[in-house]
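Trainee: Provide a 3D model corresponding to the input given below.
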Amino acid sequence: MIRMRGLIAPVVAAALLGAGCAAAGADRPFTPRQAVAPTPAAAGAPSTETILVGPRTKVLVERPATTDPRQAALLRAFTDVYAGMWKAVVTGDDSYLARMADPGGREAVDWVLSFDGLSVRGTARIYAMNVTAVMGGGAEVGACVDETRLRVLKGRGGTAVSTQPAWTRAAYLQAMVLAEGEDGVWRVKDFRHGKEGCAR
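Mentor: Residues are numbered from 1 along each chain as shown. All right, here's what the predicted structure looks like:
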């Protein structure tokens, strides 16, 4: 149950692994073709945001500056889903599902349920956020995720488990594939991750 790599590694076979982002399941991930280059972030220092997901658990986000509303919406969708999934683990709040679309939604639910009898405390960090591809109603957002200051607990508010999972030892690359709904809301359809590129 604790063998998962962190938020971007749902414990289902459809998870996408490695820097090559090859699909392991039957569903094909969004792959932009003739994708429009994402609008670069505006010059300036990134802002820092703290998202509380529980009494002793939070996510620190280094959000790049941007003047593009679409890019800002995509970055917000990424952090809403990431923090929302941790909130579901810590408090049972499943409101993050409003930002999900299948097959990603099924993967996310399975990942949250894999914490049955467990919780987390501490601080996760998201940095180096970037909209890596946009095409029509599809997009991909990538970021570095550092969960080395999170600890898995026995139950909510319990003691830390004796052997912490591998994802608490090093930062990793996280990507979310999103689709824009008819209501204008960006929803996550798939997850990808890699092991390199986020050393700090």
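Trainee: show me what contacts the nearest residue to residue 137 once chain neighbours are set aside?
Mentor: Nearest residue to residue 137, sequence neighbours excluded (CB to CB, 6 or more residues apart in numbering): residue 180, at 4.2 Å. Just so you know, the C-beta spots here come from the backbone N, C-alpha and C atoms, and that holds for glycine as well. By CB atoms under 8 Å, 6 or more residues apart in numbering, the residues touching residue 180 are 137-139, 186-187.
Trainee: can you count the residues close to residue 134?
Mentor: Neighbour count of residue 134, defined by other CB atoms under 10 Å: 22.
Trainee: Who does it form a beta bridge with?
Mentor: Taking DSSP bridges, one obtains residue 36, residue 139 as the residues bridged to residue 134.
Trainee: close enough to count as contact, it and residue 68?
Mentor: No. Under the criterion of CB atoms under 8 Å, residue 134 is not in contact with residue 68, lying 10.0 Å apart.
Trainee: Can you name the next helix or strand after the longest helix along the chain?
Mentor: Taking DSSP state H as the criterion, the chain has its longest helix at helix 69-91. Later in the chain than helix 69-91, the nearest helix or strand by DSSP states H and E is helix 104-113.
Trainee: Run the chain-centre distance for that next one.
Mentor: Helix 104-113 has its C-alpha centroid displaced from the chain centroid by 12 Å (CA atoms, centre = their mean, to the nearest Å).
Trainee: With only the CA atoms kept, save that helix in PDB.
Mentor: Taking C-alpha atoms only, helix 104-113 is exported to PDB below (Å, rounded to 0.1, in the frame of the first residue of the first chain):
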ATOM      1  CA  GLY A 104      -7.600  10.100 -14.900                       C
ATOM      2  CA  GLY A 105     -10.600  10.300 -12.500                       C
ATOM      3  CA  ARG A 106     -10.600   6.500 -12.000                       C
ATOM      4  CA  GLU A 107      -6.800   6.500 -11.400                       C
ATOM      5  CA  ALA A 108      -7.100   9.400  -8.900                       C
ATOM      6  CA  VAL A 109      -9.900   7.600  -6.900                       C
ATOM      7  CA  ASP A 110      -7.800   4.400  -6.800                       C
ATOM      8  CA  TRP A 111      -4.800   6.400  -5.600                       C
ATOM      9  CA  VAL A 112      -6.700   8.100  -2.800                       C
ATOM     10  CA  LEU A 113      -8.300   4.800  -1.700                       C
END
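Trainee: All set, thanks.
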